[in-house]
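Engineer: Build the 3D model from these lines:
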Amino acid sequence: MTASSGRTGRPPLTEARKAEIRLEIARAAVELFVAQGVAATTGEQIGQAVGVSARTVWRYFPSKESCVRPLFSAGIDVIAARLPDWRPGHALEDLFDPELATGLLAATGPDGATGSALVRLTRTEPGLRAIWLQTYDEAEPAFARALADRAGLPADDLRPMIQAAMLNAALRAAVERFAWRGGEAGTDAGEGTDAVMGEVDVAGALRSALVIVAEGVS
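Structural biologist: Predicted structure coming up:
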């Protein structure tokens, strides 16, 4: 009898499991960055928090700062998926209700305080800032495609491209303002008073920003 020539060892990871590992690493990195700072955090510490080696961390991410990217992009993906539901005749800000905010928080993982602390770190940590801005930059074409499809226009039409840029900038500005003010609900569009950080406040900040976008540049 001849020995079997079949492969032995661990079966290959599925794409779903790889995504789970990336998110687990991202959440661990956020907790460490917020607790002790980016400079003091090592790949070994991130790996230990997840139960994997530092080598595994670097297999998924090129740098420790880039570990948080899944948390930045997950929320944007939720918004992009919601855009096709924006029907003609409905205000753009109506997309951002508590239900959507729940989806955003569920996608990113950290609680509101930790997530906002991470965004605040992008103000002082150049590496995190670069990942934050790059994530939004890469989201813009997805927004443009969704808006073009909604209007029945070509994907490279100037109007959805400009609308996507405005939407993208408004979302980022709203999240940054909300985080940097410690979770205080925005009042620029006359919408709110000081509130506890939570789902309704996130939705309120986004809605306030989009009210301003809808008004356009006079």
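Engineer: alpha carbons only for contacts and neighbour counts from here, please
Structural biologist: OK.
Engineer: Return the helix or strand in this structure with minimum mean pLDDT.
Structural biologist: When the helices and strands of the chain are scored by mean pLDDT, DSSP states H and E, helix 98-108 comes last with a mean of 57.
Engineer: moving C-terminal of it, what's the next helix or strand?
Structural biologist: Following helix 98-108 in sequence order, the next helix or strand is helix 112-121 (DSSP states H and E).
Engineer: ok, Leu83 to Ala151 distance?
Structural biologist: Noted for Leu83: a distance of 12 Å to Ala151, by Cα to Cα, to the nearest Å.
Engineer: Just want to know which of the two has more residues nearby.
Structural biologist: Remark: of Leu83 and Ala151, Leu83 carries more neighbours, 18 against 12, as counted by other Cα atoms under 10 Å.
Engineer: in what helix or strand does the closest residue to the more buried one other than its chain neighbours lie?
Structural biologist: Using Cα to Cα, 6 or more residues apart in numbering and skipping residues adjacent in sequence, the residue nearest Leu83 is Ala146, 6.3 Å away. Element membership for Ala146 (DSSP H and E) is helix 126-151.
Engineer: and the angle for the next helix or strand after that helix with helix 126-151?
Structural biologist: Using DSSP H and E, the helix or strand that follows helix 126-151 in sequence is helix 158-180. Orientation note: helix 158-180 sits at an angle of 140 degrees relative to helix 126-151 (axes from the mean of the first three to the mean of the last three Cα atoms, to 10 degrees).
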